[in-house]
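Participant: When you get a sec, could you give me coordinates for this:
(chains A and B)
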Amino acid sequence: MAHDLFRAFDQDLRRLLLAGSGSAPADEGLTRAREGFAALAPKVPALGAVVTQIDRVLGARGRSAASELLSLGALNLRLRGAQARPIGGGDLEPLPPAAPLDSSTPQHDLEVIHRALTSGVTLHGKKIHRPRVIQDAVERGVFRDLRLLDLWVQALGDPTLGDLVATQILPELGEAAAARIERQFNPRGKSADARRLRCIVAIRGEAARPLVEACLKATEAPAEGEARKGRQKGGEREMSVEVRAAAVAALEKVAPGEAEARVCALYTSEKNQEVRAACVEVMGIGTRDSTLTLLLQALQEDSGKVTAVAIPSLQRFRHPDATRRLLALLTPEALDFKPFKAPRARAGQKLTRAQQQASQKEEQQALRSLAEKTERVGRVLQVLGARPSPEVIDRLIELFRRHPVEAIRQAAGSALQLSRDRRALEVLAERIDEEGHEIEALAVWAFFHLDLTTVFERMEPFLSDEALATKKGTSVARKLLQEISGAGYYLDHVEDEPEEEAPPAGPEAIPGLDAPPPDDDGEQDDQLYTRKLTRFPFRKDVRWGDVALRLLDHKELSPQAAQILGNLRDPRATAPLLAMLAERRHTGAAAQALQRINDRSILPALVALLSHKKLSPSVVHLLGVFRAREAVEPLCELLSHEHELSHLMYDALRRIGDPGAAVPIASALLHKGALSYPYQALRALHQLDNPAALPHLHEALKKAKKSKNAWVVRQIEELVAHLERDRKV
Amino acid sequence: MAEFTEDHVAALAPVESALGDARGLLRKSAFRGFARSADGVLVFAECKGSAKEPYKVSLDFASSKVAPSMRCNCPSRQRPCKHALALALAFAQRGSAFPVGQPPADLIEKSEKLKERREKQSTVEEKPRKVNEAALARKTSQQLDALVSLEKLIIDVATTGLGGLKSEGVEGLIDQANRLGDSQLQGARERLIRLASLLQAHRDELDEEDLPLLRSPLSDEDRHARLADALIQLWAVLRRGQRMLDGKAEEGDSRSESDAQLEALLGRAWKLSELKEAGYWVTGRSLLELAHERHEDPSLERISAEGYLLDLDDGSIFVEWTALPFAAARRPDTRLRPSRLGVLQLREAALYPGELVNRRIRWNDRDEAVLSERSRSAEDIRRLHAMARPVDAAIKALREQLKNPLAPMQAVFLLDARRFGQSLWGDQRLTAMEDGAGQRLLFRDPPDASFPTSLNLAHAAAAFGPGSVATRLWYDPVARGIFGQALALFAGERHLRLGT
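Facilitator: Numbers count the residues shown, from 1 in each chain, chains lettered A, B, ... in the order given. Okay, the predicted model is just below:
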């Protein structure tokens, strides 16, 4: 009773504070509370003060009601505190069992992961690259923590991170996670719940079968059409397509013995393409004739979802007859098509509008038919590439060489590449002198992969003077050398290249090539090169040095030669590379190579190039990269006049880091047009941090204010404030 | 020597990416010649960088055992640089495997100089404030004026009703809060800003990628209850403040309580010397961290870190608290308290005034001799378990605190949990504990908890069984009762942290 009285009083006070104290003096709730407390006051003397205060509120007028009400509230806080009790619950039942999980993740990692999984931004509102943070946590194994468990489970619903968490984190947490995921699993949910199901299956394996079976029940139930409609009309929602497809795919793990038969049956009765695709995916583990027939059917279907899955399933399908039956699909009829040629109108012939439309329609139909035929054959070829046998290779070579349609030739070439068969690679490499991206890519790739250990020997003939003098000689040499230098396209863009397959470079390989690069700013670029060199050790072969030195004078091949010499850090190259800079010949490549060779003895020669009439931007950049103090004075001298390369000079002086350069930079800002894009100069002044630049900066600020470029004004003001700050702190 | 952990390294990183870069250096084995001096003060190595010669990188623990001076001769302007951070990470991960070596002479010299400088700094006593009576009188008068306008504002709000306050009204509260700040009434200012932020029924904007927000917004009922309480507490602060500035202490208040109220009103920044002079000083304490928490307060634009430290001698739980404005938090020279994994041996420290369950503790962190950290022993954990309290005793202590309208409506205790289970409360199934006397406590996260822990407790309790639970007891004004929020579970010798 008393408890209810206190609760009602508390609520009345809250109500009055929310609604306004104006109605407090006539409030019935307060009056009731007063009566109740007055009755209790003889037993609880503290309530006397409450009664008195309620009287004050009830007797108050105007604004005084507010202050009296607030004082009553303060009294209530005390009263409430004195009565505070723990909340009681029902009976104590045992906790659901849980697998042990520690909480030893370092605080910092925990916070970073927590942010990535919740707000997605840093303390300062900067967006976090969430997948990178989570991937890093996976790589360092700092995700096994009790405190993160719930966050990981929640993250299954995150469209960006869900798959990463489902495949790399939660399965590692085992049963500790599975129970929580199961509690959240909704069979009628969408992709997040499909992920949950996949995750439970990955953790529990065959033990997850009851859950999977429950999800499949509706899918596999006979006469489902009408019953399903009835259920939907009655308000009961069907199990979602995503969950059904995930359940079908899970059969491979939870019921491997029965999976093949069940998915085959389901494939024929099911209409949804996503579920059918899941069936086809599971069929890949099968061995039966009937399954093979279904898979071949699936390969020829119109549904992109089903055929996309049929290809890998057939590639891995273990059946002695599979390859033969696939080859049998390449009938003369199936391959009997030619490139489409639009019929030309005869001279003087004029078509009516209706004739034009009919002709267009006809062309579109013919094109569509050709595309369909090409695609169908292409799929078969893609499967065959992964099942190489002498017959398959023969057939693929024949199509690669002779089929009139280019798309089929390319598909056959890709299948030959996939087969990795030596004969296939030889056929592809024969086309090394061909232009055209697709075939050229296959030919270059095949040329190198014929034998990664004899690349130098096999390339030599292409680099001889005689070969270079031929019609296509230079073009072939260039594309091969580009791959040696690591700047090519074809070798480093094949993603499935396993790094460990790369053979050793041989005893003559130059040691220390994996060392970090000479310029911090270009570190990422150089790391990329380092990876490329490690990936294909033939690139480190010291013999390339002689070849590249010889080709450094070649009109068209010198950039590739320079790059190779830079990669090899060949000291013999410094003089010819300097000469290239002096002659303004492929200066970019020459400077990059010199940067990698990192020989500081070239600095005087490099500084001397500053007085060149046609100064190369690469020279200025290189001096900055080398942080050449001897270049400060000449660079400042050059800055004293307007110069088209001044922005590069600011940048070089910033890298060199001599605070003495600040004044010339600031004074150069006063040159005509210098304030139109002063980014490099201001950045340099900020880093050089020399207050001596302030007088010039104030002048530049005045000038900028006249030009009304608000951005520049703000940038200069910020720089001035930075330089004028109290340096004692 | 205190254990130097990766967390300590992380706290030294000037930007988040620097740590990633440092890890990258370790991954590609850029270091050679890892070594440490015989006394463990100097750690040094060479790191292959972009220059021709490798960088000489070193850590110097002469001034601090957890925040070493880091040196590197690389040209980077970011300090500490990635090379130094990488060396620190390597040392934190496998420092004991570093061979002992002779440090270079220049390093020894620098280290000695640093040590001397630190010793000099630590011996400089903080000077007590000089009181300028005239200025003080002026300030008091200004503060009283500010409180008069605050009173007017609160009465206006109560007259109109919190529910009727429009956005202009909320802006008025923020303006008034700024004026309170100008009059150095920081405590009142913070309370007013919190009230204003509760009134701005803002919801966190959903990210483009539809992040699963774990923090549920307050329900209307919760928000209304908090609003009413916040307004009443502000009123209480105002009344007490006016009396105190008039020189009239509240009847029945101890000196400690009066000082604490002064702090609540003014947000007074005590100097250690002032606390010592006033007798708020303790010596020779052994403290063990029960839990560490970080909070971000967008309304005050502040990030804070709290550590709940158990006094292994008398079982009190103190709070070590540091806070930084958002803008300062990224400056490399500013640090929030780190999580402390060992046992802190404290020579002397200030214990802030106030009759609170968790009094604030602070010490001179510039003086290395004040604090040392050792690894936890089985005996420490045994003592910890022995100090766990029954539920009733903790409730009684919280109740005393709740009677003071200015005190927080929560406190952290170490409870003796003999049995865990789950219990129905309304339609919610909550984790519950029972102590030795069968007294029960339900665990539920406060609606505005920055890191929910209830599920973690259920998991830890089921997996590791009963033990001692570091629990925040909090008063729920809607349910009119006390719930627990578990911060850590000590099961045997295992310390399971449940939140952050």
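Participant: Tell me the predicted confidence for residue A:210.
Facilitator: You'll see residue A:210 listed with a pLDDT of 92.
Participant: what does the host helix or strand of it contact?
Facilitator: In this structure, residue A:210 is located in helix A:209-220 according to DSSP states H and E. The contact list for helix A:209-220, computed with C-beta atoms under 8 Å, 6 or more residues apart in numbering or on different chains, reads A:182, A:185, A:187, A:197, A:200-201, A:224, A:228, A:238-239, A:243-244, A:246-248, A:250-251, A:254-255, A:262, A:265-266, A:270, A:275. Where you see a C-beta, it was placed from the backbone N, CA and C, and this is true even at glycine.
Participant: repeat that with 6 Å
Facilitator: A:187, A:239, A:243-244, A:247, A:250, A:254 (C-beta atoms under 6 Å, 6 or more residues apart in numbering or on different chains).
Participant: Ok, stretch B:487-500 next?
Facilitator: With C-beta under 6 Å, 6+ apart, stretch B:487-500 has contacts from A:103, A:110, B:290-291, B:381, B:451, B:453, B:456-457, B:460, B:464-465, B:467-470, B:486.
Participant: quick one on the thing from earlier: please state the offset of the helix holding residue A:210 from the chain centre?
Facilitator: 35 Å (C-alpha atoms, centre = their mean, to the nearest Å).
Participant: Kindly report the same for stretch A:149-167.
Facilitator: Distance of stretch A:149-167 from the chain centroid (C-alpha atoms, centre = their mean) equals 17 Å.
Participant: repeat for stretch A:456-465
Facilitator: On C-alpha atoms, centre = their mean, the centre of stretch A:456-465 falls 39 Å from that of its chain.
Participant: Extract the C-alpha trace of it and format it as CSV.
Facilitator: Output of stretch A:456-465 as CSV, limited to C-alpha atoms (Å, rounded to 0.1, in the frame of the first residue of the first chain):
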residue,chain,number,x,y,z
PHE,A,456,66.2,-15.2,-69.4
GLU,A,457,67.5,-17.7,-71.9
ARG,A,458,64.1,-17.8,-73.8
MET,A,459,63.9,-14.0,-74.0
GLU,A,460,67.4,-13.4,-75.2
PRO,A,461,66.6,-14.1,-78.9
PHE,A,462,63.8,-11.5,-78.8
LEU,A,463,66.3,-8.9,-77.5
SER,A,464,69.0,-9.4,-80.1
ASP,A,465,69.8,-6.5,-82.5
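Participant: Now do that stretch, average pLDDT.
Facilitator: Per-residue scores along stretch A:456-465 average to 91.
Participant: Buried residues of it, list them for me.
Facilitator: For stretch A:456-465, the neighbour count (16 or more other C-beta atoms under 10 Å in any protein chain shown) marks A:456, A:459, A:462-463 as buried.
Participant: With chain A in mind, check whether stretch B:38-57 reaches it.
Facilitator: Yes - figure legend: stretch B:38-57 in contact with chain A (C-beta under 6 Å from any C-beta of the partner chain); contacting residues B:48, B:50.
Participant: so for that stretch, what's the average pLDDT?
Facilitator: 86.
Participant: Endpoint to endpoint, it covers what distance?
Facilitator: Chord length of stretch B:38-57, first to last residue, is 18 Å (C-alpha to C-alpha, to the nearest Å).
Participant: Pull the residues that contact it.
Facilitator: So stretch B:38-57 is contacted by A:515-516, A:518-520, B:30-36, B:58-62, B:72-74, B:83-84, B:87, B:91, B:100, B:103, B:107, B:111 (C-beta under 6 Å, 6+ apart).
Participant: which non-adjacent residue is nearest the residue of the stretch 51-200 of chain B at minimum distance from chain A?
Facilitator: Closest contact between the stretch 51-200 of chain B and chain A, by C-beta to the nearest C-beta, is at residue B:161 (3.1 Å). Spatial nearest neighbour of residue B:161, excluding adjacent residues (C-beta to C-beta, 6 or more residues apart in numbering or on different chains): residue A:20 at 3.1 Å.
Participant: Over to residue A:627?
Facilitator: Here the residue nearest residue A:627, using C-beta to C-beta, 6+ apart, is residue A:656, at 5.1 Å.
Participant: State the distance from that neighbour to residue A:687.
Facilitator: 10 Å (C-beta to C-beta, to the nearest Å).
Participant: Please give the element, helix or strand, for residue 400.
Facilitator: Looking at chain A here, since you left the chain open. Residue A:400 belongs to helix A:390-402, assigned by DSSP H and E.
Participant: Let me rephrase: I mean chain B.
Facilitator: Applying DSSP H and E, one finds residue B:400 within helix B:391-402.
Participant: Would you indicate which residues of that helix are buried?
Facilitator: B:391, B:394-395, B:397-402.
Participant: Between these, which sits nearest chain A?
Facilitator: Closest to chain A, out of all of the buried residues of helix B:391-402 and judged by C-beta to the nearest C-beta, is residue B:402, at 2.9 Å.
Participant: so that closest one touches residue A:80, yeah?
Facilitator: No - if you go by C-beta atoms under 6 Å, residue B:402 and residue A:80 don't touch, sitting 7.1 Å apart.
Participant: who touches both of those two?
Facilitator: Contacts common to residue B:402 and residue A:80, judged by C-beta under 6 Å, 6+ apart, are absent.
Participant: neighbour count winner among residue A:656 and residue A:687?
Facilitator: residue A:656 (22 against 15; other C-beta atoms under 10 Å in any protein chain shown).
Participant: What score does the more buried one have for pLDDT?
Facilitator: pLDDT, residue A:656: 91.
Participant: before we move on, what about residue A:163?
Facilitator: At residue A:163, pLDDT is 92.
Participant: do the same with residue A:235
Facilitator: Reported pLDDT for residue A:235: 42.
Participant: which SSE is the residue in the stretch 101-250 of chain A positioned nearest to chain B in?
Facilitator: Residue of the stretch 101-250 of chain A nearest chain B, by C-beta to the nearest C-beta: residue A:108 (3.1 Å). Residue A:108 is located in helix A:107-117, with elements delineated by DSSP H and E.
Participant: which parts of that helix are buried?
Facilitator: A:107-117.
Participant: any idea how far residue B:59 is from residue B:368?
Facilitator: Plainly put, residue B:368 is 15 Å away from residue B:59 if you go by C-beta to C-beta.
Participant: and residue A:374, what is it in contact with?
Facilitator: Contacts of residue A:374 by C-beta under 6 Å, 6+ apart are residue A:407.
Participant: ok, now residue A:563?
Facilitator: A:485, A:487, A:589.
Participant: from what I can see the last one touches residue A:559, true?
Facilitator: This means residue A:589. Yes - between residue A:589 and residue A:559 a contact is recorded at 3.9 Å, counting by C-beta under 6 Å.
Participant: Point to the residue nearest the middle of chain A.
Facilitator: residue A:131 (7.7 Å; C-alpha atoms, centre = their mean).
Participant: Can you name every helix or strand that the helix or strand hosting that one contacts?
Facilitator: Per DSSP H and E: residue A:131 is located in helix A:130-140. Packing partners of helix A:130-140 (3 or more C-beta pairs under 6 Å, 6 or more residues apart in numbering or on different chains; DSSP states H and E): helix A:107-117.
Participant: Which elements pack onto the helix it packs on?
Facilitator: helix A:130-140, helix B:6-12.
Participant: Name the residues contacting each of residue A:656 and residue A:687.
Facilitator: Common neighbours of residue A:656 and residue A:687 (C-beta under 6 Å, 6+ apart) do not exist.
Participant: near chain A, which residues of the stretch 351-500 of chain B?
Facilitator: Neighbours of chain A within the stretch 351-500 of chain B, by C-beta under 6 Å from any C-beta: B:399, B:402-403, B:405, B:420-425, B:432, B:441-442, B:455-456, B:458-463, B:475, B:479-483, B:496-497, B:500.
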